[in-house]
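# For reference, the sequence and a predicted model appear below.
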Amino acid sequence: MAGVLVVGESLVDVVERPDGTTVEHAGGSAANVAVALARLGRPVQFLTAYGDDARGAVLARHLNQSAVGVVGDAHALARTATARATIGPDGGASYTFDIEWRLNQVPDLAPVAVHTCSIGAVLEPGATEVRRLVEALRPNATVSYDLNLRPAVTGNGPEVVRAVEDLVALADLVKASDEDLGVLCPGESAEQVVDRLRSLGPSAVVVTRGRHGATWFGDSGRVDVPAAEAEVSDTIGAGDTFGAAVLDALWDVDALGGRLTGLGRDDIEYVLRHAATAAAITVSRPGADPPYRHELL
């Protein structure tokens, strides 16, 4: 069965808790999406890169335990990337990265959907290969792109904006947090940035606002849903889980496999509520620990 191809970075989150203790978790935006989709029962192929080292072995075990199929040669890096995450009193995380990004091999694949995101979508030299792959797969696959911008790694200058816009123009579904929109276009309202992104071609832009819910902007208009209630441990992986659950719900309504058109308001509300519920489970526990299918039933 054709599955979802996720393309992007894997890394180890080195988490500094408010009490001063430190713990390491497997993570990375794309890896979190791949794991979340697999735990929701979807066949997943993951094109990524990490080092042939102890932290890379942690990542490999983590992906294998969630039945994520790693494709190509993952050992493209001299050392596995890390993100040092500092957790604030409200559970929010701020990050410092040690990362490089490239791909060794791009295998011949035929997914029903392809998802890329965050650092791997804009950091060279790997970003050029990601863009070429998405362009090649687009005729037969739904394209999902989560901005999840990390200016501390990539900057936020004109070249990053161009890289983001190039992928938005290839995407059917674009996801961004309200913080992403502020980084991409400082001084503009969220609605202005959404209009700019939609003018590039995607069928829908989904904006997440943490505890204030999420909004779908598409051809059928605007749809808002509230955030699901949760006791917050930390926010690591919440946005990635939300994006994965959006794809999972679009699969449920038979919307994947081409352009993302014809969704009614009921379908869109279902998609957003499903994603909000999944993200709430992730924030309720430490690290990027997405839910399994049975936890959403």
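Received, thanks. Numbering: from 1, shown residues only.
# need the strands for this structure, in chain order.
4-7, 11-16, 22-27, 44-47, 69-71, 82-87, 93-98, 113-117, 142-146, 173-177, 204-208, 214-218, 221-225 (DSSP state E).
# The last one packs against which elements?
Strand 221-225 is packed against strand 214-218, helix 265-283, with contacts defined by 3 or more C-beta pairs under 8 Å, 6 or more residues apart in numbering; DSSP states H and E. In this view, the C-beta of every residue, glycine as well, is placed from N, C-alpha and C.
# go with 10 Å
Helices and strands touching strand 221-225, by 3 or more C-beta pairs under 10 Å, 6 or more residues apart in numbering; DSSP states H and E, are strand 204-208, strand 214-218, helix 265-283.
# so which of the ones you listed is the most packed in?
Of all the helices and strands packed on strand 221-225, strand 204-208 carries the top mean neighbour count, a mean of 25, counting by mean count of other C-beta atoms under 10 Å.
# what angle sits between it and strand 173-177?
Counting by axes from the mean of the first three to the mean of the last three C-alpha atoms, to 10 degrees, strand 204-208 lies at 20 degrees to strand 173-177.
# Which strands border strand 204-208, and is each parallel or antiparallel?
strand 173-177 (parallel), strand 214-218 (antiparallel) (DSSP bridges).
# Count the residues that sit near the residue lying closest to residue 99 once chain neighbours are set aside.
Nearest non-adjacent residue to residue 99, counting by C-beta to C-beta, 6 or more residues apart in numbering: residue 81, 3.7 Å away. For residue 81, the neighbour count with other C-beta atoms under 10 Å is 24.
# roughly how far apart are residue 81 and residue 100?
When distance is defined by C-beta to C-beta, to the nearest Å, residue 81 is 7 Å away from residue 100.
# Now do the shared contacts for the two.
Counting by C-beta atoms under 10 Å, 6 or more residues apart in numbering, the shared contacts of residue 81 and residue 100 are 9, 49, 51, 119, 153.
# Next, give me the two most distant ones among those.
Within these, two members stand farthest from each other by C-beta to C-beta: 51 and 153, at 17.1 Å.
# Keeping just the C-alphas, turn stretch 18-36 into CSV.
Taking Å, rounded to 0.1, in the frame of the first residue of the first chain, the C-alpha atoms of stretch 18-36 are listed here in CSV:
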residue,chain,number,x,y,z
PRO,A,18,12.9,24.0,35.0
ASP,A,19,14.4,22.2,37.9
GLY,A,20,17.8,22.1,36.2
THR,A,21,17.8,18.4,35.3
THR,A,22,18.6,17.3,31.7
VAL,A,23,17.1,14.4,29.7
GLU,A,24,17.5,13.4,26.1
HIS,A,25,14.7,12.4,23.7
ALA,A,26,14.6,11.3,20.1
GLY,A,27,13.1,14.1,18.0
GLY,A,28,13.3,16.5,15.1
SER,A,29,10.2,17.9,13.4
ALA,A,30,10.1,15.5,10.5
ALA,A,31,10.9,12.5,12.7
ASN,A,32,8.1,13.5,15.0
VAL,A,33,5.6,13.6,12.1
ALA,A,34,6.8,10.2,10.9
VAL,A,35,6.4,8.6,14.3
ALA,A,36,3.0,10.2,14.9
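# buried stuff in that stretch?
25-36 (16 or more other C-beta atoms under 10 Å).
# which of these lies closest to residue 67?
residue 35 (9.2 Å).
# So for the closest one, what's the nearest residue that isn't a sequence neighbour?
residue 66 (4.6 Å).
# mind checking how far the one you found is from residue 112?
19 Å.
# Kindly report the same for residue 3.
Going from residue 3 to residue 112 by C-beta to C-beta gives 7 Å.
# Tell me the pLDDT of the one residue sitting closest to the centre of the chain.
Centroid-nearest residue in the chain: residue 240, 4.2 Å away (criterion: C-alpha atoms, centre = their mean). pLDDT, residue 240: 97.
# so who does it touch?
For residue 240, counting by C-beta under 10 Å, 6+ apart, the contacting residues are 6, 8, 27-37, 115, 117-118, 146, 148, 175, 279, 282, 288, 290.
# Please repeat the previous calculation with a cut-off of 7 Å.
Residue 240 makes contacts with 29, 32-33, 36, 288, as judged by C-beta atoms under 7 Å, 6 or more residues apart in numbering.
# ok, now residue 24?
12-14.
# Which single one of those is nearest to residue 203?
Nearest member of the contacts of residue 24 to residue 203, counting by C-beta to C-beta, is residue 13, at 32.3 Å.
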